[in-house]
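Colleague: can you look at this prediction? I've put the sequence above it.
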Amino acid sequence: MGTLSKRQLFLNHVGQTSTYPLMLEIEKAEGIYIYSAEGKRYFDLNSGISVSSLGHRHPKVIEAIKAQLDKHLHTMVYGEHVQAPQVAYAHLLSEQLDPSLDAVYFLNSGSEVIEAAMKLAKKATGRYEIIAARSAYHGSTQGAESLRSDHEYSSAFMPLLPHIKHITFNSISDLENICCRTAAVIVEPVQAEAGVIPPDPGYLTALRRRCTETKTLLVLDEIQTGFGRTGRLFAHQKYDVVPDMLCIGKAMGGGMPIGGLVASKSLLDQFTQAPDLGHITTFGGHPVVCAAAKATLETLLEGNLVEEVLAKEAFIKQKLQHPIIKEVRSSGLMMAVELTKRKYLKHVVNHAFELGALIDYFLFNNRSFRLAPPLIYSMEELGQAMDILLAALDFADAKYKKKL
Ligand SMILES: Cc1ncc(COP(=O)(O)O)c(C=O)c1O
């Protein structure tokens, strides 16, 4: 009996999320490229869903990880020991934000950050209702999953949390649903999985106003939009609103797993009493990961990567002209390319893969593909990657023309 291939072992022994995994066997990843076990090179246009904004294995991130490895790994659950990488990161981050957002509670993932935000909102306000926007994804833990508006999907996992209401993103009239019973409104400043829906002018300010009027906490989920993706360090800075809580994750760790709930110190301190230890985590704010996060943030602050995002967005939009493209929606390098017909989508994604470019689907939009390239692409490299996408669009177009 021959030995089983890595792919077969993957299918046999690794828990799966769908019956149709991409099965790209990774050998290594560097900069904007991912290399397969067969030695094929792919342009990464997803960044592992908005994670690898500095590309893969950024030298500053690797250096910071190695330096911390030589000092210490885990010593004690989060919040007990004073660990230099956490402290330095929290200080640097708070310097980039409105003075009211001066503290961070470190966690391991975006979903955990959303959980903590929901708990803190209930405790701080004494209210229990939470409002989220339709077609948003905030995570897969039970609290975060409760925020999902698609009940057909969540019915398999009932009962989820009660007292969750939904509003339509960009609907000013729906803001009336926020009232004195609402503990928090949790929204993304740019809706990601709905297929990149930027806020209409004035929407986020109207939302902020309504939350202030009703003493409801505004929680902005910047887990996808954060760390330069939209052309500012955080999207709320681009759209000129200040949340009461800011949820961050994904690109924060430069490829390492970390999330953070950012708020005022006094709000976060609600976790410390009545009851004390109101939220605890063993690994949140792991020193090696915080060192990586600090190197990531420093790299974004030192260079021009964030400033260059808007020019790169404009370049991609100008390059991506094709008869089967209906529109390109974007906020910086967070982009959705909507096709004229749904039937084209899988052919574009599959053929781009064949030609060496990785693009992806959205959870709640079946006509658009996702573009979220690492911010480090040069214009020349973006041009090469867009040429591949144009060839994939031609392929999908020709496939159906032949059938006529
Ligand atoms: C906007 C948003 N919030 C929360 C999450 C959950 O983050 P994680 O997968 O790290 O738990 C995601 C993940 O895709 C996300 O896109």
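Modeller: Nice, I can see it. Just so it is clear, the structure is predicted and the values come from calculations on it, not from any experiment. Numbers count the residues shown, from 1 in each chain.
Colleague: pull the contacting residues for the closest residue to the ligand within the stretch 201-350 of the chain.
Modeller: Nearest residue of the stretch 201-350 of the chain to the ligand (C-beta to the nearest ligand atom) works out as Ile223 at 3.7 Å. (Glycine included, C-beta is placed from N, CA and C.) Shown in contact with Ile223 (C-beta atoms under 8 Å, 6 or more residues apart in numbering): Gly110, Val113, Ile114, His138, Glu188, Cys247, Ile248, Gly249, Lys250, Gly259.
Colleague: now, those that are in strands?
Modeller: Cys247, Ile248, Gly259 (DSSP state E).
Colleague: which among these count as buried?
Modeller: The neighbour count (16 or more other C-beta atoms under 10 Å) marks Cys247, Ile248, Gly259 as buried among the ones in strands among the contacts of Ile223.
Colleague: return the member of those nearest to Thr340.
Modeller: Thr340 lies nearest to Cys247 out of these, by C-beta to C-beta, at 34.8 Å.
Colleague: are there helices or strands packed against the lowest-mean-pLDDT helix or strand in the chain, and which ones?
Modeller: The helix or strand of the chain with the poorest confidence is helix 151-154; it has a mean of 85 (mean pLDDT, DSSP states H and E). Applying 3 or more C-beta pairs under 8 Å, 6 or more residues apart in numbering; DSSP states H and E, one finds that helix 151-154 contacts no other helix or strand.
Colleague: how far does that helix sit from the chain's center?
Modeller: Computed by C-alpha atoms, centre = their mean, to the nearest Å, the chain-centroid distance of helix 151-154 equals 22 Å.
Colleague: who are the packing partners of the helix or strand that that helix is followed by?
Modeller: For helix 151-154, the following helix or strand on the C-terminal side (DSSP states H and E) is strand 164-167. Helices and strands touching strand 164-167, by 3+ C-beta pairs under 8 Å, 6+ apart, are strand 129-133.
Colleague: what's the neighbour count on the closest residue to the ligand within the stretch 1-150 of the chain?
Modeller: Proximity of the stretch 1-150 of the chain to the ligand (C-beta to the nearest ligand atom) peaks at Gly110, 2.3 Å away. Counted by other C-beta atoms under 10 Å, the residues lying close to Gly110 total 28.
Colleague: tell me how many other residues surround Lys399.
Modeller: Using other C-beta under 10 Å: Lys399 sits among 14 other residues.
Colleague: residues of the stretch 201-350 of the chain that sit close to the ligand?
Modeller: Contact residues (C-beta under 6 Å from any ligand atom) of the stretch 201-350 of the chain with the ligand: Asp221, Ile223, Gln224, Gly249.
Colleague: and the helices in the chain?
Modeller: With helices called from DSSP state H, the chain shows them at 6-13, 47-50, 59-69, 84-95, 110-125, 142-146, 151-154, 203-213, 235-238, 265-268, 287-302, 309-319, 345-355, 379-403.
Colleague: comparing those by mean pLDDT, which bottoms out?
Modeller: Out of the helices of the chain, helix 151-154 stands lowest, with a mean of 85 (criterion: mean pLDDT).
Colleague: buried sites along that one?
Modeller: Counting neighbours by 16+ other C-beta under 10 Å, helix 151-154 gives Ser154 as buried.
Colleague: domain parsing for this structure?
Modeller: 6-53+305-403, 59-302 (automatic domain parsing).
Colleague: looking at those domains, which is buried most?
Modeller: Mean neighbours per residue, mean count of other C-beta atoms under 10 Å, is largest over the domains of the chain for domain 59-302, with a mean of 19.
Colleague: need the pLDDT of Thr3.
Modeller: 89.
Colleague: show me the contacts for it.
Modeller: Taking C-beta under 8 Å, 6+ apart, one finds nothing in contact with Thr3.
Colleague: that one and Phe271: what is the separation?
Modeller: Going from Thr3 to Phe271 by C-beta to C-beta, to the nearest Å gives 50 Å.
Colleague: same check, this time on Asn177
Modeller: 28 Å.
Colleague: can you say which of the helices of the chain is nearest to Tyr20?
Modeller: Short answer: helix 345-355, nearest of the helices of the chain by C-beta to C-beta, at 10.3 Å.
Colleague: show me what the closest one is packed against.
Modeller: strand 368-371, helix 379-403.
Colleague: what's in contact with that helix?
Modeller: With C-beta under 8 Å, 6+ apart, helix 345-355 has contacts from 22, 24, 42, 339, 358-361, 366-369, 388-389, 391-393, 395-396, 399.
Colleague: apply 10 Å and report the result again.
Modeller: 22, 24, 40, 42-43, 45, 322, 324-325, 337-339, 357-362, 365-370, 385, 387-400 (C-beta atoms under 10 Å, 6 or more residues apart in numbering).
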